[in-house]
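K.L.:
my questions are about this predicted structure, shown below with the sequence.
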Amino acid sequence: MLWPEAAALYIFSQMTFTTPEHLKHHLVETITSAFIAEVQATCKHKNNQVDHHKENNIRYPRVYTGRYIVHAEKRLAERSEVFGWDEPRFYPHYSNIVKDAQAQADAAINLLEQRVGQHMTNKEYIYKTDLDINYSNNLIEGRVYGHVYDYIADERTIEQRREETKFEIYIRMIWNYRYGENSANGHLTQYTQFRSERHGAEMEGKSAQKAKEDAARAERQAKLQAEKDAKKAEKWERFSKLAVQMEKWSDKKIKTLGQKIAEYDDTIQNLKHNNFDTSNEEHYKKVTAADVERLNTLRNDTRTWQNNMDLLKAIFDEGCDTRPKLVERYQVWGV
């Protein structure tokens, strides 16, 4: 008898399709064997080329072998016109081949589980799987059987519900290989094709695969939003300091421009006293006075912000979130 926790875990595991172990091992063994055979053939061809160059005294070029072939060198007693000091030999890099063959098998298994998941919901229970290998044509074929899982106290009602919601998922998975230049790795890559159908009770709601994809998408979006919020918070922390910084800056500018206006006044008085034209000086005085007015508005606002940061935050949220943008907002760029 299973304890409640163990029973819950067992039921949950049966509500998600997992590829049977014998199919996993068959895929790994088949892909690995084909991969090794392809690399061995390539190594044999390269070694034959080496022998041909050696027999005909033809200089052998340096070659790139990639991660699946070991380029071993034999040190020569005398320098050779064909190889130099080292004669090459080529051998399969078995550990890399096995590792990448496992990755290809894992990808195929993941696709198979996704395909089954497209035909069932996360409220349905798998009670039988008869997927098996068709050795004559590299097929995995068979059915996955299930029904809706409901916990109801009345045992007779449970049995009736299970019978009413029974379904079968027919799966046919075939795998082929791309070789040499047509493959992704230059030697051999496996690709799969599927045919799948659901018979029996119709599926209610989202498929398990769709629910899984939606959850993953929501998690990614939440992560991106959290990163975005963190960056915005960091940016606001820097921007909020402008309330004090811009008050000091505008105050300094106002004093500097006030001195300049006083100089314009003195110049205008001297020009008038000597009956000279003062229009240029009066124009520049007017422009400078307008700059002071805008700076004074900015300075007053910075003092308000220091007592009420919500007002500055509202400006920040509108998109005015950097010092250059704030300067542009108050039109005090060229001051």
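P.N.:
Okay, I see it.
K.L.:
show me what counts as buried in the strand or helix carrying residue 95.
P.N.:
According to DSSP states H and E, residue 95 maps onto helix 94-117. Within helix 94-117, the residues that qualify as buried by neighbour count (16 or more other C-beta atoms under 10 Å) are 96-97, 100-101, 104-105, 107-109, 111-117. Yep, even glycine has a C-beta here, placed from its N, CA and C like the rest.
K.L.:
where does the stretch 51-200 of the chain have low pLDDT?
P.N.:
150-156 (pLDDT under 70).
K.L.:
again, only using 90
P.N.:
Scanning the stretch 51-200 of the chain for pLDDT under 90 picks out 62-66, 117-118, 120-125, 134-139, 148-165, 175-176, 180-181, 184, 190-192.
K.L.:
in it, which spans are strands?
P.N.:
Here the stretch 51-200 of the chain has its strands, by DSSP state E, counting those that start in this stretch, at 69-80, 84-92, 124-129, 132-134, 139-148, 167-179, 188-200.
K.L.:
domain-wise, how is the chain divided?
P.N.:
4-53+96-205, 241-329 (automatic domain parsing).
K.L.:
can you list those domains in TSV and add distance to residue 82?
P.N.:
Listed next are these as TSV, based on distance: least, C-beta to C-beta, whole Å:
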stretch	distance to residue 82
domain 4-53+96-205	5
domain 241-329	67
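K.L.:
out of these, which comes closest to residue 218?
P.N.:
domain 4-53+96-205 (14.9 Å; C-beta to C-beta).
K.L.:
how distant is the closest one from the center of its chain?
P.N.:
25 Å (C-alpha atoms, centre = their mean, to the nearest Å).
K.L.:
now do the buried residues in stretch 60-69.
P.N.:
For stretch 60-69, by 16+ other C-beta under 10 Å, it's 60, 65, 68-69.
K.L.:
for those residues, work out which two are farthest apart.
P.N.:
Using C-beta to C-beta, the two most remote members of these are 60 and 68, lying 20.6 Å apart.
K.L.:
rewinding a little: adding distance to residue 35, write the strands of the stretch 51-200 of the chain out as TSV.
P.N.:
What follows is the strands of the stretch 51-200 of the chain, written out as TSV (distance: least, C-beta to C-beta, whole Å):
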stretch	distance to residue 35
strand 69-80	12
strand 84-92	9
strand 124-129	28
strand 132-134	19
strand 139-148	19
strand 167-179	9
strand 188-200	5
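K.L.:
residue 316 is nearest to which of these?
P.N.:
strand 124-129 (49.8 Å).
K.L.:
mind listing what the residue lying closest to residue 26 once chain neighbours are set aside touches?
P.N.:
Spatial nearest neighbour of residue 26, chain neighbours left out: residue 133 (5.5 Å); criterion: C-beta to C-beta, 6 or more residues apart in numbering. If you count contacts by C-beta atoms under 8 Å, 6 or more residues apart in numbering, residue 133 has them with 22-23, 26, 139-140.
K.L.:
number of nearby residues for the closest residue to residue 50 other than its chain neighbours?
P.N.:
For residue 50, ignoring the flanking residues on the chain, the nearest one in space by C-beta to C-beta, 6+ apart is residue 88 at 5.9 Å. Residue 88 has 18 neighbours, counted by other C-beta atoms under 10 Å.
K.L.:
same question, residue 313
P.N.:
A total of 14 residues lie near residue 313 under the criterion other C-beta under 10 Å.
K.L.:
now swap in the one 3 residues further on and tell me
P.N.:
When neighbours are defined as other C-beta under 10 Å, residue 316 has 20 of them.
K.L.:
what comes up buried for the helix or strand encompassing it?
P.N.:
In this assignment (DSSP H and E), residue 316 forms part of helix 309-317. Neighbour-count burial for helix 309-317, with 16+ other C-beta under 10 Å as criterion, is recorded at 312, 315-316.
K.L.:
closest to residue 210 among those?
P.N.:
residue 316 (39.3 Å).
K.L.:
list the contacts of the closest one.
P.N.:
236, 239-240.
K.L.:
now, those residues that are in helices?
P.N.:
Assignment to helices by DSSP state H places the following of the contacts of residue 316 there: 236, 239-240.
K.L.:
among the contacts of residue 133, which ones are buried?
P.N.:
23, 26, 140.
K.L.:
make a markdown table from those and add distance to residue 75 to it.
P.N.:
As requested, those are exported to a markdown table (distance: C-beta to C-beta, whole Å):
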| residue | distance to residue 75 |
| --- | --- |
| 23 | 48 |
| 26 | 44 |
| 140 | 49 |
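K.L.:
between those, which is nearest residue 73?
P.N.:
For the buried ones among the contacts of residue 133, the nearest to residue 73 is residue 26 (38.1 Å; C-beta to C-beta).
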